[in-house]
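Novice: give me a model of this one.
(one chain, ligands or ions: 1)
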Amino acid sequence: MLGNKVYELLSQFTDRIYGNPGTTELSFLKGKPESFKYFLALHDGIAVGMAEGYYLKESKLGIVNLHASPGLSNAMGFINTAFLDRSPLLIIAGQQSSKFLNDEPRLYGDLTSMAKPFTKGSFEAKSEDEVIRLLMRASKLALTPPYGPVMVSIPEDLQLKEATRDERRKVKHDVSLCCNEESVKEVVERVNSHERVALVVGYEIDVFNAHDELNDFVIKGGLPVYAEPFSSRAPYSGDSKFFMGDLPRRSSEINNVLKEYSMVLVIGGSLGNVLFPDDEILKGKEVVQITQDWMEASKRPWDTFVCNPKQFLKLASIHISQHKFVGKKVERKPSPVDKIFQELSGVSQRYAVFDEAPSYREALRASLGYRRNSLFSNRAGFIGWAIPAAFGYASAGGSALVVIGDGSFNYSFQALWSAQKYGGRMKVLVINNSGYNSLRGWSGLKDDILSPETSPWKLASSYGFEAKEFDDYKRGLEWLLSDDAQKLVELRIN
Ligand SMILES: Cc1ncc(C[n+]2csc(CCOP(=O)(O)OP(=O)(O)O)c2C)c(N)n1
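Specialist: Reported below is the predicted structural model:
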């Protein structure tokens, strides 16, 4: 049966799938061997977030199973997020029976068109002979940098047939993003010709594990380092005297921070991911950007070099000359949660932290600092991502701590049901400031549209996830972190 062969292929990438099936996926489930795990999510989108978390832990293809038109459309926010996060996912959606698609029965949808804007590619198998080839193609596409989600729609009747085409099913796909040595030299010569150069680094440093090469380059060059705005992973974990902080959320503020430098070198990140685009970024300044991501590079007006940032840094360190260090730190206003987060310092040695506390992003980073592979958020500005992603990470054997606002919590707390069912080392810290504090702050509105009052600890408890509310934050954090059990603590702040 084709269904069995599908799992033979998938098991070359992983041993698991995250999903939420319906009638059109039941034939797909029939082919699943015992050894292949299926993690049930109680919402379609959550399954996509879980697969991203699995990828963050394992650096392997995350596989998702979604239910035809209702499930795929319900998951769009999460798929768009995975696309912007550059996470490699294979999304397998069931489709109605291949014989009657033109009748547009219930659950039918034009799945390939639906997924197209949010994926690197989307395909539908027309016959049983196409399925394996399409899954191979989609996996290779997802795993080609920049990574991203790819969707394959499989009409439910095909899974139960026998494919007649004899496929080579062993997948080998190796992509090297080599840097041109002459180009690296050209960039470093430009850096050497300026006295005041700032380095802006981003999430690709963590993706490519280029932290050591970056630190070497920074020390040899004596250069100040800034984190890209809204970095989704640790962009730096080197000698902290060179680290000047995270660039702000507004482009005008970024311009202000970087105005003293005559050249800015951006490595492995983006200056375009600002929340408030209120000015043209670095207008008239000499900017050079190194990224593995041709989609990112093509959006920028300055000089861009598409290559592997780790290899770039390795080669660049040979040629960089020492500059007189000129650094201006990014200023940050104190936050009411500083004392809470200071209690957490050192926690990132034990847990990967999943951050979704919109008002307190800077405060969290100021207290925890950056350590490689230990701080994750998403690049889309999407709330509801952190709990599913943390569970995906924990389901693969990682230890995850979610720091989340009460508003964000309400988007996807159903993932806690999966956590208590399947286990995994996972902690949740909810900062409850009675609704959407960030939106209240930016707008100045006191309207209660922005102040939904909820009790996250009660919702978590209803799924059997151990949860408590504390007034005393020290006692709350002590209870949360005193053991390895899955726990949620809710702290109310005014
Ligand atoms: C999917 C999605 N819907 C809506 C928003 C808009 N939004 C941004 S922040 C926010 C409120 C989040 O509340 P909370 O988690 O309590 O954080 P706080 O604002 O209080 O820091 C909302 C609704 C979003 N970013 N993503």
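Novice: how about the residues of the stretch 1-150 of the chain by the ligand?
Specialist: Along the stretch 1-150 of the chain, the residues adjacent to the ligand under the rule CB under 6 Å from any ligand atom are residue 77. Every residue, glycine included, has its C-beta placed from N, CA and C.
Novice: residue in the stretch 1-150 of the chain nearest to the ligand?
Specialist: Closest to the ligand within the stretch 1-150 of the chain is residue 77: 5.5 Å, counting by CB to the nearest ligand atom.
Novice: does that residue belong to a helix or a strand, and which?
Specialist: Secondary structure here is read from DSSP states H and E; on that basis residue 77 sits in helix 76-85.
Novice: and if you look at residue 468?
Specialist: If you go by DSSP H and E, residue 468 is part of strand 467-470.
Novice: tell me the helix or strand right after that strand.
Specialist: Strand 467-470 is succeeded, C-terminally, by helix 473-481 (DSSP H and E).
Novice: so what touches that following helix?
Specialist: Residues outside helix 473-481 that contact it (CB atoms under 8 Å, 6 or more residues apart in numbering) are 339-340, 343-344, 347, 427, 429, 468, 470, 487-491.
Novice: please check these and keep the buried ones.
Specialist: Neighbour counting with 16 or more other CB atoms under 10 Å marks 340, 343-344, 347, 427, 429, 470, 487-491 as buried within the contacts of helix 473-481.
Novice: is it possible to get TSV of those residues that adds secondary structure?
Specialist: What follows is those, written out as TSV (DSSP: H, G, I helix; E, B strand; the rest coil):
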residue	secondary structure
340	helix
343	helix
344	coil
347	helix
427	strand
429	strand
470	strand
487	strand
488	strand
489	strand
490	strand
491	strand
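Novice: with adjacent residues omitted, what lies nearest to residue 109?
Specialist: Spatial nearest neighbour of residue 109, excluding adjacent residues (CB to CB, 6 or more residues apart in numbering): residue 69 at 2.7 Å.
Novice: check whether that neighbour really touches residue 114, as I assumed.
Specialist: Yes. Counting by CB atoms under 8 Å, residue 69 touches residue 114, with 7.2 Å between them.
Novice: OK, contacts around the residue nearest to residue 109?
Specialist: 107-109, 111, 114.
Novice: now with 10 Å, please.
Specialist: By CB atoms under 10 Å, 6 or more residues apart in numbering, the residues touching residue 69 are 24, 93-96, 104, 106-111, 114, 153.
Novice: and those, which is closest to residue 446?
Specialist: Nearest to residue 446 among those, counting by CB to CB, is residue 114 at 39.4 Å.
Novice: doesn't that closest one fall inside a strand?
Specialist: No. Counting by three-state DSSP, residue 114 is not part of a strand but helix.
Novice: now the longest helix anywhere in the chain - C-alpha only, CSV.
Specialist: In the chain, taking DSSP state H as the definition, the longest helix is helix 44-58. What follows is helix 44-58, C-alpha atoms only, in CSV (Å, rounded to 0.1, in the frame of the first residue of the first chain):
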residue,chain,number,x,y,z
ASP,A,44,-4.5,22.7,13.5
GLY,A,45,-2.2,25.7,13.8
ILE,A,46,-0.8,24.5,17.0
ALA,A,47,0.5,21.4,15.3
VAL,A,48,2.6,23.6,13.0
GLY,A,49,4.0,25.6,15.9
MET,A,50,4.9,22.2,17.6
ALA,A,51,6.8,21.1,14.5
GLU,A,52,8.7,24.3,14.5
GLY,A,53,9.7,23.7,18.1
TYR,A,54,10.8,20.2,17.2
TYR,A,55,13.0,21.6,14.4
LEU,A,56,14.5,24.2,16.9
LYS,A,57,15.6,21.3,19.1
GLU,A,58,16.7,18.7,16.6
